[in-house]
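J.: need the 3D shape of this:
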Amino acid sequence: MLDIKFVRMNPDVVKENIKKKFQDEKLPLVDEVLELDQKNRDIKQEVEALRAERNKISKQIGACMAQGKKEEAEELKAQVQKNAARVEFLSAEEKEVEAKIKKNMMMIPNIIDPSVPIGKDDNENVEIEKYGEPVVPEFDIPYHTEIMESFNGIDLEAAGRVAGNGFYYLMGDIARLHSSVISYARDFMIDRGFTYCVPPFMIRSNVVTGVMSFAEMDAMMYKIEGEDLYLIGTSEHSMIGKFIDTLLEEEKLPQTLTSYSPCFRKEKGAHGIEERGIYRIHQFEKQEMIVVCKPEESMKWYDVLWKNTVDLFRSLDIPVRTLECCSGDLADLKVKSCDVEAWSPRQKKYFEVGSCSNLGDAQARRLGIRVKGAKGKYYAHTLNNTVAAPPRMLIAFLENNLQADGSVRIPEVLRPYMGGMEKIEQK
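T.: Numbering: from 1, shown residues only. Just a heads-up that it's a prediction; the model follows:
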């Protein structure tokens, strides 16, 4: 959410930013906010004047009573009551106007960084760099569920009976591999100085609306019926929510956390949820990282975060590339974002396995995350990035480490988590 003062002083900048994100339908929101903002300030000014008049009249009533002018005092009391009724009416109107302002402000997108390429959707994202040499082996790479089935490692049919499409049972060595990747990703981030965190897996609505746009919320979140609770779609939301309504000491920044959690997503509007696949699913596990920092340090941390993911995938012998997200592909709260994509030798192309985002002070402003520094109080900047999210990450791992005999090689860094195994073999 933008600062209302910024919108007031820079309406043309806000409108141009909306156009760059190809959201012209939101342009009227800016003028509506400015009109409501002026009305809100007029109300506050009138209320202040009425309260000042009340204080003045109260003194006059006291003087009249002291002088025995009861009739004049009663007239003044009537005026006080009339003013009080007007203040009560204006106060109710003020709350209504402020609620409308907040609702509109939460729909106006954040100002994107000047370095963000302008484009309508993810087809116009820009490749930044490739890491590792993509390899297409001489033997055929089966579909990922076929690889898993060769190890008796997945049961989609049973999951369908229990929960429906978009769920799975992982079994045996594949389940162990899945957990090993998560454990390795946890220790990888701890070794890089991040504090490990296991957060709540449910969050209240004020945290949900603080960390994401209404459109994202509708498309992703599962609501707990009868309670003000949502299942998290990513632990980033719960971890950022940890700092809601807090005033952080500047010397304690940055806050760098890495978390494990299950994640739950409706995947509303997603295309191609494959009955035999686990690419888009309603439940998965993830290792995440977040940073809460000073505004002037957020771009530095942005580069640190996405490089962590690249380094982790390369340590597992998986080629990756980074893509700069264009303006139209950025969620409303994001200032800048890039995707990390892993190489798929079966598809002979890259696919997304993680996303790194700098949200500026948008989440902090919504959640009330402020910093107390030498120059006063200000809103923090927040960032997040995926470390590893099996089973999608597991697809990349299996395809890139599959051998001609059907076995899957275990990279050296992962072997301690797999009981020393150098490979897993078909059953």
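
J.: per-residue pLDDT of the residue lying farthest from the centre of the chain, please?
T.: Distance from the C-alpha centroid of the chain peaks at residue 68, with 67.2 Å (CA atoms, centre = their mean). With respect to pLDDT, residue 68 has a value of 81.

J.: name the element it belongs to?
T.: Using DSSP states H and E, residue 68 sits within no helix or strand.

J.: same thing with the one 5 residues further on?
T.: Residue 73 is part of helix 70-105, with elements assigned from DSSP H and E.

J.: in that helix, which residues are buried?
T.: 73, 76, 80, 83, 87, 90, 94, 97, 101, 102, 104, 105 (16 or more other CB atoms under 10 Å). Where you see a C-beta, it was placed from the backbone N, CA and C, and this is true even at glycine.

J.: repeat that for stretch 408-423.
T.: Judged by neighbour count using 16+ other CB under 10 Å, the buried positions of stretch 408-423 are 408, 410, 411, 414, 417, 418, 421.

J.: restrict that stretch to CA atoms and write it as CSV.
T.: Listed next in CSV are the C-alpha coordinates belonging to stretch 408-423 (Å, rounded to 0.1, in the frame of the first residue of the first chain):
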residue,chain,number,x,y,z
VAL,A,408,18.9,-41.7,-9.6
ARG,A,409,22.3,-40.4,-8.5
ILE,A,410,22.4,-38.7,-5.1
PRO,A,411,24.7,-35.6,-5.2
GLU,A,412,27.4,-35.7,-2.5
VAL,A,413,25.9,-32.8,-0.5
LEU,A,414,22.7,-34.8,-0.1
ARG,A,415,24.1,-38.1,0.9
PRO,A,416,24.4,-37.5,4.6
TYR,A,417,20.6,-36.9,4.6
MET,A,418,20.0,-40.1,2.7
GLY,A,419,21.9,-42.4,5.1
GLY,A,420,25.0,-42.3,2.9
MET,A,421,23.3,-43.6,-0.2
GLU,A,422,25.0,-42.7,-3.5
LYS,A,423,22.0,-43.6,-5.6
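
J.: now it: how far from the chain's centre is it?
T.: Relative to the centre of its chain, stretch 408-423 is centred 33 Å away, using CA atoms, centre = their mean, to the nearest Å.

J.: also stretch 142-159?
T.: Relative to the chain's own centre, stretch 142-159 is displaced by 32 Å; criterion: CA atoms, centre = their mean.

J.: hmm, who's touching it?
T.: With contact meaning CB atoms under 8 Å, 6 or more residues apart in numbering, stretch 142-159 is reached by 141, 167-175, 275-279, 346, 394-395, 398-399, 402, 406, 408, 424-427.

J.: between the two ends of it, how far is it?
T.: Length of stretch 142-159, first residue to last, CA to CA, to the nearest Å: 22 Å.

J.: next: stretch 244-262.
T.: First-to-last residue span, stretch 244-262, CA to CA: 22 Å.
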